[in-house]
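# Below: sequence and its predicted model.
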Amino acid sequence: MTEERRRQIAENLAAVREQIADACRAAGRSTDEVKLLAVTKTFPASDAILLAGLGVTDFAENRDQEAAPKAAEVALGLPDTPVRWHMVGRMQRNKARSIVGWADEAQSVDSPRLAAALAKAVAGARTRGTRSKPLSVLIQASLDGDTERGGVALSGLMELADEIGRSSELILRGVMGVAPLSMDPAAAFELLSKAAARVRADHPTAVELSAGMTGDLAAAIGQGSTCVRVGTGLLGYRGLASP
C-alpha cells in the first residue's frame with residue numbers, strides 16, 4: 001500500500017507542479033517565486049513523509065490538536081530532513097503555547113489579541129529554552145468583510161500589521177487570504193495583492209502573499225501569490241477530521 005500511495009502522490013505532485021509552472025509562464029513569472037505548501041490536514045503523517053521524500057518541505061495544518069502530534073511523528077520519521085510547519089486555520093488564544101511548539105509560521109493571525117497571545121507564548125518558550133527564534137506570521141485578510149469566517153477586515157489590516165511590527169517575538173512575513181465563494185477569484189486576489197502591497201510598503205519583511213488553493217491557484221499566481229496552499233490536488237479528497 002505504501003508504494004502504491006507513493007506512486008499516487010508522486011503523480012499528483014507532478015501534476016500540481018506543472019499547474020504552477022503553467023500559471024507562472026502565463027504570468028511571466030519564475031516558478032522559483034512560488035512556494036508549494038502541502039496542506040496535510042486529516043491525512044496521516046505517513047503522507048507528509050512521502051511528500052518530503054519527493055522534495056516537498058513545507059506543510060500546513062489547520063487544527064492544533066491534529067498538527068502537534070503529526071509534526072512530532074514526522075520529526076521522528078525524518079530526523080535528518082528539515083521541514084517547516086505552517087498553521088493556516090483559525091487559532092484560539094488558549095492554543096498559542098502549543099502552536100508555537102510545532103509551527104514555524106502562523107498564516108492566520110487576524111486580531112491584536114491573538115498576536116499578543118502568540119508573542120507571549122514565544123517569550124515563554126524562549127524562557128524555557130524550547131524555542132530560540134521569533135514566530136513568523138502572516139495576517140489573514142477577510143476579502144469580503146465577513147470576519148466570522150476568519151480574517152481581519154481590510155480596513156483593520158494596517159493597524160494589525162503595526163501591532164505585530166512592534167513585537168520582538170513575532171516577524172511579519174506577509175498577508176494571507178482565501179477567495180470568497182461570492183467573488184471571482186482573480187478579482188479577489190487582485191484586491192488581496194493591493195492590500196499586501198500597502199502592508200509591505202510600511203513593513204519590508206512582509207514579502208509573502210499566501211493565496212491560491214487547488215482550484216484557484218492559477219488566478220492567485222497571476223496576481224502575485226508567492227505561496228499556494230494545496231491539499232486535495234496532492235493528497236486527494238479528505239475524510240472527516242479526527243475529533
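Okay, I see it.
# show me where this structure has strands.
Assigned by DSSP state E, the chain shows strands spanning 35-39, 58-61, 84-87, 105-109, 135-142, 152-153, 170-177, 208-210, 227-230.
# Looking at those strands, spot the one closest to residue 98.
Closest approach to residue 98 among these is made by strand 84-87 (10.2 Å; Cβ to Cβ). Where you see a C-beta, it was placed from the backbone N, CA and C, and this is true even at glycine.
# what comes up buried for the closest one?
Using 16 or more other Cβ atoms under 10 Å as the test for burial, strand 84-87 gives 85-87.
# May I see the strands of the chain organised as CSV, with mean pLDDT added?
Formatted as CSV, those follow (pLDDT from 0 to 100):
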stretch, mean pLDDT
strand 35-39, 98
strand 58-61, 98
strand 84-87, 98
strand 105-109, 98
strand 135-142, 98
strand 152-153, 96
strand 170-177, 98
strand 208-210, 98
strand 227-230, 98
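# Let me have the ones you listed in CSV, extended by distance to residue 188.
Below are the strands of the chain laid out as CSV (distance: least, Cβ to Cβ, whole Å):
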stretch, distance to residue 188
strand 35-39, 18
strand 58-61, 20
strand 84-87, 21
strand 105-109, 17
strand 135-142, 10
strand 152-153, 14
strand 170-177, 7
strand 208-210, 12
strand 227-230, 14
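# Nearest to residue 47, out of those?
Closest among the strands of the chain, once you apply Cβ to Cβ, is strand 35-39, at 8.6 Å.
# which other residues reach that closest one?
16-17, 20, 48, 51, 56, 58-62, 86, 88, 210, 213, 226-231, 234-235 (Cβ atoms under 8 Å, 6 or more residues apart in numbering).
# If we use 7 Å, what do you get?
With Cβ atoms under 7 Å, 6 or more residues apart in numbering as the test, strand 35-39 has contacts from 16, 20, 51, 56, 58-60, 86, 88, 226-231, 234.
# And that strand, how far out from the chain middle?
On the basis of Cα atoms, centre = their mean, to the nearest Å, strand 35-39 is displaced by 8 Å from the centre of the chain it belongs to.
# quick one: strands adjacent to it?
strand 58-61 (parallel), strand 227-230 (parallel) (DSSP bridges).
# Report the angle between that strand and strand 105-109.
Going by axes from the mean of the first three to the mean of the last three Cα atoms, to 10 degrees, strand 35-39 is angled at 80 degrees with respect to strand 105-109.
# What segments of the protein are helices?
Using DSSP state H, the helices of the chain run over 2-27, 45-53, 64-77, 96-102, 112-128, 157-165, 185-202, 217-222, 232-235.
# just to revisit the earlier point, out of the strands of the chain, which is closest to residue 200?
strand 170-177 (7.5 Å).
# and the closest one, how far out from the chain's middle?
Offset of strand 170-177 from its chain centre (Cα atoms, centre = their mean): 10 Å.
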